[in-house]
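S.K.: Give me a 3D structure for the following:
(one chain, ligands or ions: 1)
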Amino acid sequence: MIRSAVAMDLAAIMRLERSSFPTDAWSEAMMREELASPHNRYLVLDEAGRLAGYAGLRAPVGARDGDVQTIAIEEAARGRGQGRALLRALLTEASERGIREVFLEVRADNPVAQTLYRSEGFADVGRRPRYYQPDDVDALVMRIDVPGWAAAQASITQAESSGQGAEAPAGGDLPELCAPEHEIRPTTTGKGWC
Ligand SMILES: CC(C)(COP(=O)(O)OP(=O)(O)OC[C@H]1O[C@@H](n2cnc3c(N)ncnc32)[C@H](O)[C@@H]1OP(=O)(O)O)[C@@H](O)C(=O)NCCC(=O)NCCS
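M.R.: Got it, this is the predicted structure:
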């Protein structure tokens, strides 16, 4: 089940953090701060009391836009739809907070995460050269329109309940790629990687 993260989850989150991001894991102090911030919402995937995933959204109340701060599923649990479920839970939270746009950064060498984001409706809006250190890897900046995503989800749910099925949210036709670097807004924390 997906539930809100609590302070007691910190140790398990850090174990997963270090194994999922071996070269650029956040410190325990940073993660503690993330979990405690009233501007954030962290969720965990709890499988019979074992923490198998987590994800975080930064979405200050009253803000127009937010950020996916991080998302990870333990290796043994990947490929079962849990990453998408966590991402959708974050976007639902963003929608409920009145957030219009959600941004994220993803490593240019992480095609699995990119495929997940694009298939959920995120579009590329830019690139931050050499953003990830010490690996010297670029970040792709992606954006999703939250009201549009929520409307697509509602129509899928409605179609499913009427037994008609529906297409997944559009991820195919992406808008123009790569706004000039200076036009890309900075992340709220400057330390997100998703
Ligand atoms: C990225 C991550 C969270 C995805 O979680 P997951 O539970 O494995 O993903 P899901 O099973 O929900 O799959 C969602 C989509 O991702 C893509 N995907 C998943 N596994 C994939 C693979 N091995 N190859 C290519 N695409 C893949 C597919 O588009 C999939 O959708 P589909 O099943 O409808 O085809 C997980 O791989 C992970 O924790 N990776 C390490 C940490 C990380 O890179 N986090 C992202 C940082 S930005």
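S.K.: for the record, mean pLDDT for the helix or strand containing residue 129?
M.R.: In this assignment (DSSP states H and E), residue 129 forms part of strand 123-132. Per-residue pLDDT over strand 123-132 has a mean of 97.
S.K.: can you pull out the strands in the protein?
M.R.: With strands called from DSSP state E, the chain shows them at 2-4, 40-47, 50-58, 65-73, 101-107, 123-132, 137-145.
S.K.: residue nearest the centroid of this structure?
M.R.: By C-alpha atoms, centre = their mean, the chain has its centre lying nearest to residue 68, at 3.7 Å.
S.K.: Report how many residues lie close to the closest residue to that one other than its chain neighbours.
M.R.: Of all residues not flanking residue 68 in the chain, residue 104 sits nearest, at 4.0 Å (C-beta to C-beta, 6 or more residues apart in numbering). Where you see a C-beta, it was placed from the backbone N, CA and C, and this is true even at glycine. Neighbourhood size, residue 104 [other C-beta atoms under 10 Å]: 26.
S.K.: Kindly report the same for residue 69.
M.R.: The burial count assigned to residue 69 is 27, neighbours taken as other C-beta under 10 Å.
S.K.: That one and residue 34 touch, don't they?
M.R.: Yes: with contacts counted by C-beta atoms under 8 Å, residue 69 reaches residue 34, the gap being 6.5 Å.
S.K.: Residues in contact with both of the two, list them for me.
M.R.: 40, 56 (C-beta atoms under 8 Å, 6 or more residues apart in numbering).
S.K.: any idea how far the residue nearest to residue 68 lies from residue 161?
M.R.: 30 Å (C-beta to C-beta, to the nearest Å).
S.K.: same check, this time on residue 44
M.R.: Per C-beta to C-beta, residue 44 is found 29 Å from residue 161.
S.K.: Looking at these two, which one has more neighbours?
M.R.: Remark: of residue 44 and residue 161, residue 44 carries more neighbours, 22 against 8, as counted by other C-beta under 10 Å.
S.K.: right, and the more buried one touches residue 1 too?
M.R.: No: if you go by C-beta under 8 Å, residue 44 and residue 1 don't touch, sitting 9.3 Å apart.
S.K.: Disregarding residues adjacent in the polypeptide, which is nearest to whatever residue of the chain ends up closest to the ligand?
M.R.: Nearest residue of the chain to the ligand, counting by C-beta to the nearest ligand atom: residue 83, 2.1 Å away. Spatially, and ignoring its direct neighbours in sequence, residue 83 is nearest to residue 73 (4.9 Å; C-beta to C-beta, 6+ apart).
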